[in-house]
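return a 3D structure for these sequence lines:
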Amino acid sequence: MILLKNFTIRILFISVFTSLCFISISQDVAEGEQIFKNVCKACHNLPGGGMSTGPDLKDVLNSEKFVNQEDPTETFIKYVQNPLTLGVKAMPAQDLDDTQVLSVLEFINTYVPEEQEVSSNEEIVVADGMSSVNILLIISIILVIFIIALISIKNTLKKIQDQKTETISESIINFCKVYWANSKAVLVSAFILFIFVLKIVFDTMMGIG
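Numbering: from 1, shown residues only. From the prediction side, this is the model:
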């Protein structure tokens, strides 16, 4: 019984932590997109937009400048902050910290080119890329599948111990009861949620989120 309780607490903690990680990644992409539009787009482009003074940044880490480096990501960060490290004089140094550069890189890696649709009168209509709502929907579906899989594992353990299995709704209710009864797990989750809320408030105030 103790084994099942510990397993239940771990399942819920992993679920909460995983969902917050997904949301945090979405926030990083949004921040990276804003920085790209404000800083990078004046000279660089991605398929479907931007100027062409500098090279296209899609798959930038696979370019000759970075692909042969021992750590392409670290080299890219240093390059953006001080292009002279790779002998580039045309590009000015950017006042961005490591986290901001990584968020831009995250946006570049997840960028989906805008599609063009041609109507019956052959007018070109530019379709929007994948919206944040669609991204959150995909994340929600993944989390639901993940939780169902964990419940299935729990029921399998119960069968092994000759205990009564539970439906999905019963498992969720029991999980919540056990989880809220564990003060340490609740405190950790509350702390993670508090940090996440602070990040959203900060990004909103800075006009980034």
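
so residue 89 sits in a helix?
No - counting by DSSP: H, G, I helix; E, B strand; the rest coil, residue 89 is not part of a helix but coil.

which residue sits closest to it, ignoring its sequence neighbours?
Spatial nearest neighbour of residue 89, chain neighbours left out: residue 83 (7.4 Å); criterion: CB to CB, 6 or more residues apart in numbering. Using the backbone N, CA and C atoms, a C-beta is placed for each residue, glycine as well.

so which residues of this protein form strands?
Assigned by DSSP state E, the chain shows strands spanning 45-46, 49-50, 116-118, 124-126.

coming back round to it: burial count for the residue nearest to residue 89?
Neighbourhood size, residue 83 [other CB atoms under 10 Å]: 16.

pLDDT score for it?
The score at residue 83 is 85. That number is its pLDDT.

hmm, it is touching residue 77, no?
No - with contact defined as CB atoms under 8 Å, residue 83 does not reach residue 77; the gap is 11.8 Å.

quick one: find the helix or strand in the protein with the lowest mean pLDDT.
strand 124-126 (a mean of 43; mean pLDDT, DSSP states H and E).

okay, now the domains of the chain?
For the chain, the structural domains run 2-24+131-206, 30-112, going by automatic domain parsing.

hang on, isn't residue 165 packed against residue 153?
No - contact criterion CB under 8 Å: residue 165 and residue 153 do not qualify, at 11.5 Å.

if I look at those two, which residues touch both of them?
Contact with both residue 165 and residue 153 is made by no residue, according to CB atoms under 8 Å, 6 or more residues apart in numbering.

coming back round to it: which of the domains of the chain is buried the deepest?
domain 30-112 (a mean of 15; mean count of other CB atoms under 10 Å).

if we can go back for a sec, quick check: the residue nearest to residue 89 vs residue 76, distance?
Look at residue 83 and residue 76: by CB to CB, to the nearest Å, they are 11 Å apart.

please apply the same query to residue 60.
For residue 60, the distance to residue 76 equals 7 Å [CB to CB].

identify the contacts common to those two.
Residues touching both residue 60 and residue 76 (CB under 8 Å, 6+ apart) are 66, 105.

where do the helices sit along the protein?
With helices called from DSSP state H, the chain shows them at 2-35, 64-67, 72-81, 98-110, 132-160, 168-181, 183-206.

tell me what the second one is packed against?
Using 3 or more CB pairs under 8 Å, 6 or more residues apart in numbering; DSSP states H and E, the elements in contact with helix 64-67 are helix 72-81.

I figured residue 72 hits residue 63, correct?
No - under the criterion of CB under 8 Å, residue 72 makes no contact with residue 63, lying 9.1 Å away.

circling back to that earlier point, and the strands of the chain, which one is worst for confidence?
Here the lowest mean pLDDT among these goes to strand 124-126, at a mean of 43.

follow-up on the earlier one: out of the helices of the chain, which is closest to residue 56?
Nearest of the helices of the chain to residue 56, taken as CB to CB: helix 98-110 at 10.1 Å.

what mean pLDDT does that closest one get?
Mean pLDDT, helix 98-110: 84.

only alpha carbons, please: show it as CSV.
Coordinates of the C-alpha atoms in helix 98-110 are reproduced here as CSV (Å, rounded to 0.1, in the frame of the first residue of the first chain):
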residue,chain,number,x,y,z
ASP,A,98,22.3,33.8,-22.7
THR,A,99,18.6,33.1,-21.9
GLN,A,100,17.3,35.6,-24.5
VAL,A,101,19.6,34.2,-27.2
LEU,A,102,18.5,30.7,-26.4
SER,A,103,14.8,31.8,-26.6
VAL,A,104,15.5,33.2,-30.1
LEU,A,105,17.2,29.9,-31.0
GLU,A,106,14.1,28.0,-29.7
PHE,A,107,11.8,30.2,-31.8
ILE,A,108,14.0,29.6,-34.9
ASN,A,109,14.0,25.8,-34.3
THR,A,110,10.2,25.7,-33.9
